[in-house]
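Visitor: Here's a sequence, model it:
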Amino acid sequence: MKNRVQIYLCTSGFFDLPKEAPFIPIQGGAAINPRLPGVQGDDTGDNISKMNPMFCEMTAMYWAWKNAPRTDYVGFFHYRRLLNFGLPFAPERHWSERNFFDFKPETMKRFGWDYDTILNAIEGADIVLPHIEDVQRPPDWNEPGTLYEHYRNCHISRDINLTMKVIKDFYPEDAQLTEKVMHSTRGYFCHMFIMKWDVFQEYMKWVFDITMTVTNQIDLSAPIYKFNPHERRVSGFIGERIINIFVEKKRREGAKIMELERLLGNLPKEGFLQVPPAGRKKFFIKKLDRAVTVRMGNRQFTIGAGG
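Guide: Below is the predicted model:
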C-alpha cells in the first residue's frame with residue numbers, strides 16, 4: 001500500500017488535479033461553495049469549512065488534522081503551487097519563472113510527481129518547504145524588508161501586532177524567537193509544506209491555538225474585512241507568516257529541514273468550475289501608510305492600520 005505519504009492539493013475552483021498517490025485533491029470551503037467533482041471536501045467530520053473565507057487553505061489542514069488517517073508524512077500544496085521533486089531548473093532563474101501548464105504524464109514525470117520519487121526525495125526530512133526567500137519591501141519590491149514590515153505593508157498591521165501578542169501570551173517560551181523571526185529579512189511563503197506526522201500534529205495545535213484566538217478578537221464586520229474578500233483572508237495570511245516561527249523553533253530543536261524548488265501552474269481554464277460570480281456592490285479600498293479608506297456609495301469609512 002502506498003500510504004506512507006499523503007499530499008493534499010488545496011483548491012477552491014480547479015478540479016482537474018492528479019488523484020494518484022500521494023496526491024489527494026481537497027476543496028477548501030466545501031460547506032459554503034459549489035462542490036467540485038471528484039474532490040474531497042473539507043466539510044466532513046470535525047471541520048471548520050465555513051471559516052474558509054478567513055482561513056483559506058488552513059481549513060483543509062484542519063480537516064486532515066482531525067480526520068485523516070495517520071501516515072509517515074503529510075503535506076499541503078496549492079492546486080497551482082507544487083514543489084519540484086525532479087530535475088531542477090537553472091539556478092539563476094527566479095522562482096516566479098518556473099512554471100508548468102498542465103498535469104499531463106510528461107509533466108508529472110518531469111517534476112517527479114509520483115509516489116516513489118517523492119518518498120525517496122523526502123526520506124529522513126522532518127519538514128520540507130519551498131526555498132527560503134529574501135523579503136522585499138512593498139510597494140516597490142526593490143529594497144530589503146522584514147517579515148513584520150511585509151505584513152504591515154500588505155495587510156492590516158494591527159492584526160500582526162495582535163498575533164505576536166497572542167504568541168507571547170500562549171507560548172511565552174516562543175516570545176524571543178517570535179521577535180527575531182518576524183524581524184528577519186528571509187522567510188518561507190505560500191504556507192505549503194510536507195511534515196512528519198508528529199511534527200504536523202504539533203504544528204496544527206500551535207498554529208490553530210494562535211490563529212483561532214486572533215480571529216476571535218478581530219471585528220470581521222468592520223468594512224475592511226466585510227467588503228473586501230482579500231483582507232477577509234486574514235487568518236490565512238497570518239498562518240503563512242507565523243509558520244516561519246514554528247520552523248525556526250523546530251530547527252533549533254534539531255529537526256532536519258529540506259528545501260525544494262517551488263513551481264507555479266498556469267493552468268487551463270477548462271479545469272476550473274465555471275460559476276457566475278454573485279452580484280456585489282461597487283466599492284473601493286485605498287490603503288495608505290497607516291490607514292485604510294473604504295467607500296460604498298455615499299458612505300466612507302477610514303480605519304487606522306497602525307498600533
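
Visitor: And the helices in this protein, which stretches?
Guide: 52-55, 58-67, 105-110, 115-122, 147-154, 157-170, 175-182, 197-216, 223-226, 234-252 (DSSP state H).

Visitor: For Gly271, find the nearest of those.
Guide: Distance to Gly271, taken as C-beta to C-beta, is lowest for helix 105-110 among the helices of the chain, at 13.2 Å. Placement of C-beta: from N, CA and C, glycine included.

Visitor: Quick check: buried residues in that closest one?
Guide: 107-108 (16 or more other C-beta atoms under 10 Å).

Visitor: Not counting its neighbours along the chain, what's nearest Ile194?
Guide: Gly75 (3.4 Å; C-beta to C-beta, 6 or more residues apart in numbering).

Visitor: ignore the last one, Asp134
Guide: Nearest non-adjacent residue to Asp134 (C-beta to C-beta, 6+ apart): Arg186, at 5.8 Å.

Visitor: export the helices of the chain to CSV and tack on distance to Val128 and mean pLDDT?
Guide: What follows is the helices of the chain, written out as CSV (distance: least, C-beta to C-beta, whole Å; pLDDT from 0 to 100):
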stretch, distance to Val128, mean pLDDT
helix 52-55, 22, 98
helix 58-67, 15, 98
helix 105-110, 18, 95
helix 115-122, 5, 97
helix 147-154, 20, 93
helix 157-170, 24, 97
helix 175-182, 19, 98
helix 197-216, 11, 98
helix 223-226, 33, 94
helix 234-252, 11, 98
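
Visitor: Between the ones you listed, which one is closest to Pro268.
Guide: The minimum distance between Pro268 and these falls on helix 105-110, with 12.1 Å, by C-beta to C-beta.

Visitor: who touches the closest one?
Guide: Applying C-beta atoms under 8 Å, 6 or more residues apart in numbering, the contact partners of helix 105-110 are 18, 86-87, 100-101, 113-114.

Visitor: Most neighbours of all the residues you listed, which one?
Guide: Trp113 (25 neighbours; other C-beta atoms under 10 Å).

Visitor: Distance check, it against Gly75.
Guide: Distance of Trp113 to Gly75, given as C-beta to C-beta, to the nearest Å: 12 Å.

Visitor: Repeat that for Gly124.
Guide: 15 Å.

Visitor: who has more neighbours, the two?
Guide: Gly75 (25 against 8).

Visitor: The more buried one: what's it in contact with?
Guide: 5-8, 22, 128, 192-195.

Visitor: Inside strands: which ones of these?
Guide: 5-8, 128, 193-195 (DSSP state E).

Visitor: what about Ile242, neighbour count?
Guide: Ile242: 27 neighbours (other C-beta under 10 Å).

Visitor: That one against Ile210, yeah?
Guide: Yes. Here Ile242 reaches Ile210: they are 6.5 Å apart, a contact under C-beta atoms under 8 Å.

Visitor: and for these two, which residues touch both?
Guide: Going by C-beta under 8 Å, 6+ apart, residues that sit against Ile242 and also against Ile210 are 163, 167.

Visitor: Centre-most residue in this protein?
Guide: The centre of the chain sits closest to His191, judged by C-alpha atoms, centre = their mean, with a distance of 3.2 Å.

Visitor: Spatially, which residue comes closest to that residue, not counting chain neighbours?
Guide: Glu240 (4.2 Å).

Visitor: Was I right to think that neighbour contacts Cys190?
Guide: Yes. Counting by C-beta under 8 Å, Glu240 does reach Cys190; the two are 6.8 Å apart.

Visitor: The two - which one has more neighbours?
Guide: Glu240 (21 against 17).

Visitor: Which of the helices of the chain sits closest to Gln274?
Guide: Shortest distance between Gln274 and these, using C-beta to C-beta, is found for helix 52-55: 19.8 Å.

Visitor: My read is that Pro34 contacts Leu273, right?
Guide: Yes. Using C-beta under 8 Å, Pro34 is in contact with Leu273, at 6.2 Å.

Visitor: who has more neighbours, those two?
Guide: Set Pro34 next to Leu273 and count neighbours by other C-beta under 10 Å: Leu273 wins out with 16 against 12.
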